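Peer 1: Structural data only, the sequence is not supplied:
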């Protein structure tokens with residue numbers, strides 16, 4: 001075998017060679033395995049132990065070449081089961097790494113300290129920022145360190161090219177990390193082709209976009225804890241207000257939820273079905289699988305790298321999509337539609 005095709009799933013080349021050999025020769029024993037692969041017995045035992053831990057091998061097959069020490073024949077797990085298990089384990093590892101990455105704010109402070117810099121502590125309450133470059137930096141920080149969701153309302157009839165270029169990488173990074181992104185724009189944006197293409201791009205990556213006839217609110221909300229609103233609704237040059245963990249945030253969040261409830265799906269407004277005939281995104285499919293496993297919400301949220309609140313909100317949205325009154329019915333309908 002020239003390449004280690006299963007390396008992306010966490011297997012070493014020797015482990016993959018052993019697994020493939022056990023698929024070709026069910027019941028092979030340790031002696032025959034070490035002879036064919038030219039692996040030392042102790043190294044082979046170590047790799048076999050790891051493959052058993054991963055659930056890819058088990059002992060007890062009908063051996064045609066058992067070792068002198070009475071080693072049981074080795075049976076390989078079905079490839080579909082093996083790859084699915086390795087993929088789940090790998091995704092779990094990657095989510096844990098992403099969570100650690102999003103918790104690096106203290107590291108930034110310690111690195112600044114090496115240069116003798118002292119960054120002012122985060123303001124809890126309301127902070128007004130007038131410098132546009134600093135506003136963009138602050139918003140980039142909020143998006144980078146967000147762990148659950150981003151909620152946006154844009155009242156403009158069009159998004160200028162520079163606005164799209166600034167927001168695209170920020171929002172796409174959030175979506176790649178599995179965050180929930182909800183965005184509301186006014187219906188008149190449908191007359192501006194670049195804006196529509198940008199919104200469709202976001203939807204293709206898992207964002208949910210809705211349209212409302214009119215709103216004067218311009219809102220950016222990160223993890224339901226930090227809200228960003230303009231100082232003046234019609235003049236962005238006057239700066240922005242950053243509200244953190246205050247009563248104002250609760251009121252802004254309530255306003256966003258009201259706007260969201262009053263808005264319509266982008267696809268419906270364009271007369272187009274949702275992708276996959278109304279099917280879920282990949283993250284929503286993972287939520288469905290976790291829900292159908294019968295485990296607790298806390299375990300499902302932990303495996304997906306989201307909070308329990310976000311996990312339950314995904315389930316509520318999926319039940320609404322499916323028209324289900326409870327979780328067992330949602331699981332049944334999801335299986336009937338081929339979503340899981």
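Peer 2: Nice, thanks for sending it over. As the structure is a computational prediction, the values presented were derived from the model and not from experiment.
Peer 1: Now do the strands in the stretch 201-340 of the chain.
Peer 2: 208-212, 219-222, 226-230, 240-244, 264-265 (DSSP state E, counting those that start in this stretch).
Peer 1: and residue 255, which of those strands is closest to it?
Peer 2: Closest of these to residue 255 is strand 219-222, at 7.1 Å (criterion: C-beta to C-beta). C-beta here means a position set from N, CA and C on the backbone, and glycine is covered the same way.
Peer 1: Show residues contacting the closest one.
Peer 2: Residues from elsewhere that reach strand 219-222 (C-beta atoms under 8 Å, 6 or more residues apart in numbering): 139, 142-143, 146, 149-153, 227-229, 249, 252-253, 255-256, 259.
Peer 1: any idea of the mean pLDDT in that strand?
Peer 2: Averaging pLDDT along strand 219-222 gives 92.
Peer 1: Tell me which strands that strand pairs with, and in which orientation.
Peer 2: In the sheet, strand 219-222 lines up against strand 149-154 (antiparallel), strand 226-230 (antiparallel) (DSSP bridges).
Peer 1: Start and end of stretch 203-214, how far apart?
Peer 2: One end of stretch 203-214 sits 21 Å from the other (C-alpha to C-alpha, to the nearest Å).
Peer 1: what about it, distance to the chain center?
Peer 2: Remark: stretch 203-214 is offset 18 Å from the chain centroid, using C-alpha atoms, centre = their mean, to the nearest Å.
Peer 1: buried residues in it?
Peer 2: Residues of stretch 203-214 classed as buried by neighbour count (16 or more other C-beta atoms under 10 Å): 203, 206-212.
Peer 1: just curious, which of these is nearest to residue 330?
Peer 2: residue 208 (18.3 Å).
Peer 1: any idea how far the residue nearest to residue 176 when sequence neighbours are not counted is from residue 238?
Peer 2: What sits nearest to residue 176 in space, not counting adjacent residues and going by C-beta to C-beta, 6 or more residues apart in numbering, is residue 205, at 7.5 Å. Computed as C-beta to C-beta, to the nearest Å, the residue 205 to residue 238 distance reads 32 Å.
Peer 1: just residue 288 next, same as before
Peer 2: Residue 288 sits 45 Å away from residue 238, going by C-beta to C-beta.
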